[in-house]
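J.: using only what follows, build the 3D model:
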Amino acid sequence: MGRRRPWLTILALALLAAGLGVLFYPKAMDIKYDSGTASLKKEFLQNPGVDYSALYAFLKAENERLFQTGQNGLADAFSYEQPSVNLSAYGIQDNIIGFVSLPSIGIELPIYLGANPKNMMKGAVHLTETSYPIGGPNTNSVVAAHRGQTVKQFREIHKLQVGDEIIVTNFRETLVYQVIYYKIIQPDETGEILIQPGRELLSLFSCHPLGDNTPRNQRYLVVCERVG
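T.: From the prediction side, this is the model:
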């Protein structure tokens, strides 16, 4: 009988532990992220006594302005790093304007104003020069997020199907949308995310292919229409 080699056992156990770590780390990060998102949402919705009527009126006027001017300043989603309004002036912290939920694929993300790298690491972002996510006719709010981060964010956005519900919870109400189509577009095809007269739309936007978040690559677009 050969001599035992304890170091081989130790090595095997170390490799096994490393493999399990690689396998379960993303899942663990997703669980941690989801818990943090739930806490953020609870805090976001618990602002008793805060009057958001001035904020709503301002954003509604901005949405109308965007429609009337034809969104002349619109460019690629990831070109906008600065938020267009400071929500803290209206009593909302962290510049979170709401939350977007994709129930069919188990995703919920906070929506930050300003598509800068810091915000995109934390969640979804609202694209400046598109409608704010407060609903209303003649609107198309574009919400973007990464697909290739450690946490899932929009990683599985390609699994959405026509008819799936998308829910936006803002500081005032809950808006329910339904996926009507999805397609792959080029970064400069901004016409695909313009407001469509008479319609109330939400467009989800991410990089394509999966895992490549560079500006030169294509975009995965999911267009949704409000149903409730």
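J.: work out for me the element L74 sits within.
T.: Here L74, judged by DSSP states H and E, is contained in no helix and no strand.
J.: what count of nearby residues applies to the residue nearest to it when sequence neighbours are not counted?
T.: Once flanking residues are discounted, L74 sits nearest to E129: 4.4 Å by C-beta to C-beta, 6 or more residues apart in numbering. Bear in mind the C-beta positions are built from the backbone N, C-alpha and C, glycine included. For E129, the count of nearby residues is 19 (other C-beta atoms under 10 Å).
J.: G70 too?
T.: Neighbours around G70, by other C-beta under 10 Å: 10.
J.: over to N140?
T.: So N140, with other C-beta under 10 Å, has 24 neighbours.
J.: I166 against I107, yeah?
T.: No: with contacts counted by C-beta atoms under 8 Å, I166 stays clear of I107, the gap being 9.8 Å.
J.: now do the shared contacts for those two.
T.: Jointly contacting I166 and I107 under the rule C-beta atoms under 8 Å, 6 or more residues apart in numbering are S101.
J.: tell me which other helices or strands the longest strand that the chain contains touches.
T.: In the chain, with assignment by DSSP state E, the single longest strand is strand 174-185. For strand 174-185, the packing partners by 3 or more C-beta pairs under 8 Å, 6 or more residues apart in numbering; DSSP states H and E come out as strand 165-170, strand 200-208, strand 218-226.
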